[in-house]
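Colleague: model this:
(chains A and B)
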Amino acid sequence: MWLKILYEDDDIEKWPFDPKKITCLITNDKVAPIDNEKKTFRISPIFPLNSKTKIKSLTNCTIYFFNYENAYRVLGKIQKDGERSLKDCVFISCGLSSIILIVNDRKFVNQFRKLSPQKEYAYEKWVVKNSKIQSIKYKVENSSKIRFEKLKIHPYKILPLTERAIVDEFKATIKLLLLKLTTHMPFELPKIRRLIAEVNDLITELTFLESLKGKIPESLSEYTLNDLKNHGVNQVIKHQNIDRILQINSALSYVSTQAFSGAIPILERRSLVRRNSLLGIGSAILALNNLARFIEGSFSKIDFSSLITTHMKTAAPLKGTERLPEYNSNDWFEGSVNIFAHITKPETSYFKMPYFSGRLGYRETEYSIAAAIQSISSGASLEWSLMTLTHEMLHGHVRTIIASIFEGSEKLKVEDLRDSFYETFKKNVHKKETSEKLIDSIRNTIFTYCCNTIAMGSLTSKKPYVTTKLEFKLPKKELLWSIFEVENRNINEIFVHILDLNYFYANRISVYIPLIWCSWAAVPHIKGDLRQYILRSLLTISSKYVGSLHYRFNTSVSVLKELLERHSTGKLKHPIIQDVIRILGDDEILNRYYFPGFKASVIMVDLAKHVFVSSDIKSSLFNDKYVTWESGEKDEYSIEDIFKYSLPTGFNDVSIQSPFAYLLDYMIKVLYNEVEITDLEKETVFQFLALNSNN
Amino acid sequence: MERFFNFITSQRYFHLVAFSSTPYYSLGNFWKDAQVNLDKKKLPIFEDKQFIVEHKRIITDREYYEGDKIDFSVNGNEKAPYNYDVFGIELKKEKIFVVGFPFRSLAKDIIKTLLGSRIKKDIKFVRPLLAKLLIETDGSDFHESPYIGYLTTLGLSLSDDDNIHIANLGGDRPIQSPIYRKVFMPLVQKEKCVLEKCSLKSQILDDKSSGYPKTNSIMHLDENGNFKLYIHQTVNNVFTVPFAFKILRSIKCLDFTDVNPLIHNTE
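Modeller: Residues are numbered from 1 along each chain as shown, chains lettered A, B, ... in the order given. You can find the predicted model right below:
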């Protein structure tokens, strides 16, 4: 169902427009109702609360658009206690105006407001007569209550025009964004404050680098004045800073337009997502933002960077790493982040800006997190689920971990640091007495992985299996570091999978594997690199089994094959899955091309699992009274305990505290056909509203 | 899914009794010695080099089921005689027999008869050595292709704490948990904490050559030798039982005793 407005043909270029010349329509087309008339239009898909509701026209009626902080709860109450005639008037959308009432009698609005467990923070009312909008009224509650945030940007007059223009753009964008945030998303203001502070630091550096006068900014304290006077160094830092502000500007323009187009007053801004040009995608972006914020909040409980660079520097090394490359990870928990978590202070949250992108798909950068634009209409499907966000966001977290492991003393130059790390590893390999600390042993396991890859390959490097036992050789320093640089991405990927499984999928491989293959199968480039994706899966599964390498490999192969076969006639009915199953049934290929890379990489699986999975983060992510566990013993196919989010399907008059627990449960139900999706887009909007319900 | 057996009443817990006997004993002898009246219909038997797994149906006038949802009557009239699915397993090399009953009271009756028979003196009941199992395996998986197993829920009894006597650690892999390793493992090593009951998670993985069905199960076991298993609809998960006993035997975590496990209250 589409809500559509049409402007009179001679009004296309006129501004301000006359609302009385706007025709209001409702259509039941499957595709966007766009015709060849010389009239401009705005459309948005809307969905009746009651699936049986039929509405043919909007000739004479009143339309109310409501913005709620927790529309899911409001709809839950209406669903539960509202009369049928009231429910027939209620529609939902993925705009900020997520609840729409189309009524012929004011009594329904009164009933609706009476039942609502909370008051709307904004509403807009259109009176429609003979299909034309006769009047528009609106009210935004928050605007007068919340103090407007003053924008303070450090002086940047002295910057050259190109750089100045980029900062101007930031200033203008942020000013407009602040106006809207104050009204519609005041809870996002702290994030923007941090963003402004970050950009102010960049501006301070830029102005100093331009003038080279005064005190060196704190953030550049690692450099001397002479360093900064060096043209090369000066330019590199400037370019980096400008690039960062450009990235921020780009993300801000997406966020600003996507979040607030269609916000009340609705006709003021047209959404750039044309399919939703009337009401916008505000609720979708809020859901995305909410998930990102929830992850950031959970991960900020521990300052990993400080934990690694301070506490792990003095603690005893990982037991069982004295004779690398042989190791025993049984007691690695004694060096895990959980041991030190209570003595570190919480970290300040990240402030990534989330938006939907048609070009980037799911992608994480320093300042932004992009979700595939397909998720706006199909986010409730397994292929385009917002759950994919977790994987992307973990990349940033793992980058911090790995960078911290390789961070040395500020007094040492990079080359000296590399020498020192290499020598520590060399002593371990040659079984010499060392005074290794925890961080050294962690670094040594990473170096061991790098050495393993020389003969055995990795996720991205294919080395065939040889029957003779490969002797572990310590490469020269330069080679080891260059391998580390090449393999850094693979290390990051392995860590991300293990953390993703543990943090967001409750350590359920029976869920994680089919779901991740659902999202992979939807992306065309996977077919060209199947080995990597199979290996990633095998390594992730191996984290659940304890025993020899061959045992873990063979078990992982069997489990992966079984899981894919089980879903290959259901949600994983895809040619690529058949290709994978074929490979998993071919012992020769597996032993020749998969086992070596697996063998080289398992040490990274164990390191991630035993040392870097935080129980604090885990519990924070799933801290919700509706989370329950059931023994899997009664399930013919279950290989693990069964995770459930015990909230009835449909809207509920409650707040969902853990959006991930809700989302995971939902995806499991879809995977096992426990929910029937008759209207994917409606289900997606429904999900956005549910994910926003912990505000 | 391929299935070997068709039970009238699957999807319920079965009580297992394990015993060993003289080298020449067999499942056939057991049914005779237990003096049960078996359905004459030919029911499937699985046999390979390692195991025999057979399905039998006991016909008796005694009603063991007190609920009203399932009709166990032979004639479908909710009246005697009744028939009950049971299964018998023989581990050929180990000479261990495992018999599964849908009701504990049925198991009690049959074992009572068995103990009154000619082979009374040859019977040794099998019980798991849980303390040894916990310490020696240290959380490692048990595996022998195509079977893998590992301990899941742990029921620990503490002797040095006046405030906590029992700790039940539920979950997939409690032994891998830092809480277990930090808190309970040192107590277990000092014998201040004893494993009284646990669950063994078993999986039979896909293996074309073995002929066993892909399946999984969770078997509950206590130190007295009470074993309990939820039988799935396909009944395929009975195949995990012989593997579990075989592995426990190979790592020397089984004990042989005269004490009938069914005299202990398991609740």
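Colleague: so how many other residues sit close to residue A:344?
Modeller: Residues lying near residue A:344 (other C-beta atoms under 10 Å in any protein chain shown) number 18. For the C-beta atoms, the positions are set from N, CA and C on the backbone; glycine is no exception.
Colleague: residues from chain B in reach of chain A?
Modeller: B:1, B:11, B:138-141, B:143, B:145-146, B:148, B:150, B:170-173, B:176, B:178, B:181-182, B:199, B:201, B:203, B:205-207, B:214-218, B:230, B:232-234, B:236-237 (C-beta under 8 Å from any C-beta of the partner chain).
Colleague: where exactly do the strands run in chain A?
Modeller: Along chain A, counting by DSSP state E, strands occupy A:2-7, A:22-27, A:41-45, A:47-48, A:61-67, A:90-92, A:99-103, A:122-129, A:132-140, A:353-357, A:363-364, A:368-372, A:627-630, A:642-645.
Colleague: where do the strands sit along the stretch 1-150 of chain B?
Modeller: Taking DSSP state E, counting those that start in this stretch as the criterion, the stretch 1-150 of chain B contains strands spanning B:12-20, B:45-47, B:51-60, B:82-91, B:96-101, B:124-128, B:142-144, B:147-158.
Colleague: For those, give me JSON lines that also has mean neighbour count and mean pLDDT.
Modeller: JSON lines is the format used below for these (neighbours: other C-beta atoms under 10 Å in any protein chain shown; pLDDT from 0 to 100):
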{"stretch": "strand B:12-20", "mean neighbour count": "22", "mean pLDDT": "96"}
{"stretch": "strand B:45-47", "mean neighbour count": "14", "mean pLDDT": "94"}
{"stretch": "strand B:51-60", "mean neighbour count": "19", "mean pLDDT": "95"}
{"stretch": "strand B:82-91", "mean neighbour count": "22", "mean pLDDT": "95"}
{"stretch": "strand B:96-101", "mean neighbour count": "23", "mean pLDDT": "97"}
{"stretch": "strand B:124-128", "mean neighbour count": "21", "mean pLDDT": "96"}
{"stretch": "strand B:142-144", "mean neighbour count": "19", "mean pLDDT": "91"}
{"stretch": "strand B:147-158", "mean neighbour count": "22", "mean pLDDT": "93"}
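Colleague: got those as JSON lines, with distance to residue A:100 columns?
Modeller: What follows is the strands of the stretch 1-150 of chain B, written out as JSON lines (distance: least, C-beta to C-beta, whole Å):
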{"stretch": "strand B:12-20", "distance to residue A:100": "51"}
{"stretch": "strand B:45-47", "distance to residue A:100": "63"}
{"stretch": "strand B:51-60", "distance to residue A:100": "61"}
{"stretch": "strand B:82-91", "distance to residue A:100": "58"}
{"stretch": "strand B:96-101", "distance to residue A:100": "60"}
{"stretch": "strand B:124-128", "distance to residue A:100": "64"}
{"stretch": "strand B:142-144", "distance to residue A:100": "58"}
{"stretch": "strand B:147-158", "distance to residue A:100": "50"}
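Colleague: quick one: which of these is nearest residue A:533?
Modeller: Nearest to residue A:533, of all the strands of the stretch 1-150 of chain B, is strand B:147-158, at 24.1 Å by C-beta to C-beta.
Colleague: Tell me the gap between the closest one and the middle of its chain.
Modeller: Mean-position distance between strand B:147-158 and its chain equals 14 Å (C-alpha atoms, centre = their mean, to the nearest Å).
Colleague: Partner strands of the helix or strand following it, with direction?
Modeller: For strand B:147-158, the following helix or strand on the C-terminal side (DSSP states H and E) is strand B:166-169. In the sheet, strand B:166-169 lines up against strand B:147-158 (antiparallel) (DSSP bridges).
Colleague: CA atoms of the strand it pairs with as PDB?
Modeller: Below are the C-alpha coordinates for strand B:147-158, written out as PDB (Å, rounded to 0.1, in the frame of the first residue of the first chain):
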ATOM      1  CA  TYR B 147      31.400 -40.100  17.000                       C
ATOM      2  CA  ILE B 148      32.300 -37.100  19.100                       C
ATOM      3  CA  GLY B 149      31.200 -36.400  22.600                       C
ATOM      4  CA  TYR B 150      31.800 -33.900  25.400                       C
ATOM      5  CA  LEU B 151      30.500 -33.200  28.900                       C
ATOM      6  CA  THR B 152      27.800 -30.600  29.100                       C
ATOM      7  CA  THR B 153      25.900 -29.900  32.300                       C
ATOM      8  CA  LEU B 154      27.900 -30.700  35.500                       C
ATOM      9  CA  GLY B 155      26.300 -31.400  38.900                       C
ATOM     10  CA  LEU B 156      29.000 -30.800  41.400                       C
ATOM     11  CA  SER B 157      28.900 -31.600  45.100                       C
ATOM     12  CA  LEU B 158      31.000 -29.400  47.300                       C
END
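Colleague: I'd like the distance between whichever residue of the stretch 201-350 of chain A sits closest to chain B and residue A:374.
Modeller: Taking C-beta to the nearest C-beta, chain B has its nearest neighbour within the stretch 201-350 of chain A at residue A:333, 4.3 Å off. Distance, residue A:333 to residue A:374, by C-beta to C-beta, to the nearest Å: 40 Å.
Colleague: Give me the more crowded residue out of these two.
Modeller: Between residue A:333 and residue A:374, counting by other C-beta under 10 Å, residue A:333 is the more crowded of the two (22 against 16).
Colleague: from memory the more buried one sits against residue B:178, does it?
Modeller: Yes: contact criterion C-beta atoms under 8 Å: residue A:333 and residue B:178 qualify, at 4.3 Å.
Colleague: Now go through the residues of chain B next to chain A and say which are in helices.
Modeller: Of the positions in the residues of chain B next to chain A, residue B:178 sit in helices, assigned by DSSP state H.
Colleague: Residues of chain A that sit close to chain B?
Modeller: Applying C-beta under 8 Å from any C-beta, one finds that chain A approaches chain B through A:330-331, A:333, A:336, A:338, A:507, A:544-547, A:551, A:554-555, A:558-559, A:561-562, A:615, A:629, A:631-634, A:636-641.
Colleague: one step back: going by neighbour count, which of the residues of chain B next to chain A are buried?
Modeller: B:139-141, B:143, B:146, B:148, B:150, B:171-173, B:176, B:178, B:181, B:199, B:201, B:203, B:205-206, B:214-218, B:230, B:232, B:234, B:236-237 (16 or more other C-beta atoms under 10 Å in any protein chain shown).
Colleague: So what sits opposite residue A:23 in the bridge?
Modeller: Beta bridges link residue A:23 to residue A:6, residue A:132, judged by DSSP bridges.
Colleague: ok, now which ones touch it?
Modeller: Residue A:23 is in contact with A:5, A:6, A:131, A:132, counting by C-beta atoms under 8 Å, 6 or more residues apart in numbering or on different chains.
Colleague: got any ranges where chain B has weak pLDDT?
Modeller: Residue ranges of chain B with pLDDT under 70: B:1, B:208, B:265-267.
Colleague: again, only this time at 80
Modeller: Counting by pLDDT under 80, the low-confidence segments of chain B come to B:1-2, B:22-23, B:68, B:136-138, B:206-210, B:264-267.
Colleague: which one is residue A:681 nearest to, not counting chain neighbours?
Modeller: residue A:377 (5.1 Å; C-beta to C-beta, 6 or more residues apart in numbering or on different chains).
Colleague: Could you report the separation of the one you found from residue A:384?
Modeller: In terms of C-beta to C-beta, residue A:377 sits 8 Å off from residue A:384.
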